[in-house]
Structures are given as C-alpha cells and as structure tokens.
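Colleague: return atomic coordinates for the entry below.
(one chain, ligands or ions: 2)
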Amino acid sequence: MRHGADILVNFLKLLLGDLLDFIYPSRCGVCGRELSREDAVICAGCWQTLSCIAAPFCPRCGLPTSPLNLLCSACEVRDHVFSFARSYGPFDETFQKIIHLFKYRRKLSLSRPLAALMGATVRGDARYSPMEALIPVPLHSVKCRARGYNQSELLARDLSRITGLPLLDKVLVRAINTQSQSKLNLSARVENVQDAFRIKGSRQIQDRRIVLVDDVLTTGATADACARTLLRAGAAQVSVVTIARAVEPGASGEAKKG
Ligand SMILES: [Zn+2]
Ligand SMILES: [Zn+2]
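Modeller: Numbering: from 1, shown residues only. Ligands and ions are numbered 1, 2, ... in the order given. Here you go, the predicted structure:
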C-alpha cells in the first residue's frame with residue numbers, strides 16, 4: 001500500500017511538477033537534497049553555509065570593502081538619503097535562490113528564518129539601537145494583489161517580533177506602479193522611483209527614527225526614494241536593513257529593487 005502510494009505520488013509529481021512540489025515539498029530549494037521531516041523548503045545544511053557580510057564594509061551602504069571600513073567607491077561619488085544600510089549577506093547564488101522562492105514561489109515560511117538573519121544584523125550593529133519603528137518598502141497595490149503578499153511586509157512583521165520595534169506598515173505607500181528596477185541603470189533607477197512613494201498619516205513617523213525593511217539592496221535608489229519621502233514627512237532619521245546586498249550594482253540578476 002505504502003509502495004503504491006509512493007508510485008502514485010511520483011507519477012503525480014512527474015505530471016504536475018511544480019504544483020505538487022508546492023503542496024508536497026520534498027527537496028531543498030537550494031541544493032536539491034531530500035529534506036528531512038524537520039526541514040521546510042531549505043535544508044539545515046544550506047542555512048548553515050549561508051555567507052554573511054562582516055567587517056570591513058562601507059559604513060553607508062553596507063557593501064563589503066577592503067581593507068578598512070571606508071566608504072565604497074559608489075558612496076564616495078554619490079551620497080545616500082538614508083543614513084546607513086546593512087545587509088545580512090551577499091546576494092550570491094544561494095541567497096538568490098532563497099529569495100526567489102520566498103518572493104515568487106510563495107514559500108512564505110521562509111519569512112521567519114530570513115527575518116532572524118536581519119535580526120542578527122540589527123542586534124550586531126549599535127547604530128540600530130536608537131531606532132524606533134520598522135517600515136517595509138511598499139509594493140504597489142496592483143502588484144501586491146497579483147503576488148498576494150508583500151514580501152518586505154512579511155519580513156518586517158517577523159523582524160518586529162524579534163526586535164520589539166513597532167511595525168508601521170500602513171504609513172508608506174507606493175502610489176506609482178513603477179517598472180522593475182532590475183534592467184535599469186543607476187540614473188534610470190533613480191528616476192523610476194523618484195516620486196513613487198506617498199505618506200498616509202505622517203503623525204506616526206513624526207520625529208521618529210525609522211528602519212526601512214526590504215529583501216535586497218542593489219543601488220539603494222528605492223531605499224533613497226523611500227527615505228526622502230519619510231524625511232520630508234517629518235521622520236528624524238531613516239536607516240535600512242535587508243537580507244542581501246547585490247555586491248555589484250546592476251549585475252544583480254533577479255534583484256527587483258533599486
Ligand atoms: Zn540544501
Ligand atoms: Zn557604500
């Protein structure tokens with residue numbers, strides 16, 4: 001009977017492929033190894049081998065630099081609106097796979113472990129200590145309806161539980177449905193998101209220090225546009241935390257953010 005069930009499952013898997021994988025996940029989304037009962041989506045081995053960005057890194061944008069914590073070459077020529085940004089790890093092949101599963105394949109259970117990585121980054125950097133609230137980078141309502149969720153909002157919610165910082169998920173909205181940043185160069189990215197964001201209820205951010213939460217930081221154009229909108233509406237300071245950092249801006253593969 002068990003054998004018969006296995007044959008049926010395998011046959012259906014062949015037939016339905018991705019659809020059944022979603023309902024009946026059995027292989028690690030990164031390395032393809034069979035998952036044990038305790039693992040969900042990604043195996044424990046892959047979680048343990050994730051790369052982490054450690055010092056030295058750029059004090060503004062979090063990009064790994066060498067040898068000291070000096071500004072990276074991009075920040076030397078172009079200042080950011082946010083005060084500083086940090087990312088847990090580089091947007092390498094592993095993080096690309098994980099974030100793709102989370103963002104486009106509805107593997108929502110990844111939110112908690114990914115937020116835990118950001119939590120480690122926030123706790124490990126004293127510059128986050130005075131921060132007072134978390135705000136996710138918003139999706140346009142049309143895109144959010146199509147995807148069914150805003151991945152940054154899920155991350156911010158879990159990060160709020162981890163850090164105890166309140167979540168303000170209704171304040172910043174994306175009023176313009178901008179095109180994806182992934183194929184644009186820096187100046188086009190800046191222009192694309194320049195006027196995309198609006199504030200609803202500025203009282204909640206008045207004189208407060210905000211941490212902006214997103215999945216990937218690439219050029220920082222999206223984060224800067226959000227930060228500018230928040231600062232103009234009265235926020236005292238805006239910093240940024242993301243899961244991953246595209247190490248070569250513009251060469252970010254699936255990064256959909258600026
Ligand atoms: Zn694995
Ligand atoms: Zn930098």
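Colleague: tell me which stretches of the protein form strands.
Modeller: Along the chain, the segments classed as strands by DSSP state E run 85-90, 133-136, 172-174, 197-199, 209-217, 237-245.
Colleague: nearest to ligand 1 among these would be which one?
Modeller: Checking the strands of the chain against ligand 1 by Cβ to the ion gives strand 85-90 as the closest, at 15.5 Å. In short, each C-beta sits where N, CA and C put it, glycine included.
Colleague: show me what contacts the residue nearest the centre of the chain?
Modeller: The chain has D215 as the residue nearest its centroid, 0.6 Å off, counting by Cα atoms, centre = their mean. The contact partners of D215, taken as Cβ atoms under 8 Å, 6 or more residues apart in numbering, are 99, 102-103, 114, 151-152, 155, 242-244, 257.
Colleague: what about stretch 70-87, start to end distance?
Modeller: Stretch 70-87 has its terminal residues 17 Å apart, counting by Cα to Cα, to the nearest Å.
Colleague: buried residues in that stretch, which are they?
Modeller: 72, 74-75, 80-87 (16 or more other Cβ atoms under 10 Å).
Colleague: now for the residues you listed, which pair is the farthest apart?
Modeller: V81 and S87 (17.3 Å; Cβ to Cβ).
Colleague: what residue in the stretch 51-200 of the chain comes nearest to ligand 1?
Modeller: Counting by Cβ to the ion, the stretch 51-200 of the chain gets nearest ligand 1 through T94, at 8.9 Å.
Colleague: what's around that residue, how many residues?
Modeller: 19 (other Cβ atoms under 10 Å).
Colleague: let me know the pLDDT of it.
Modeller: Looking at T94, its pLDDT reads 96.
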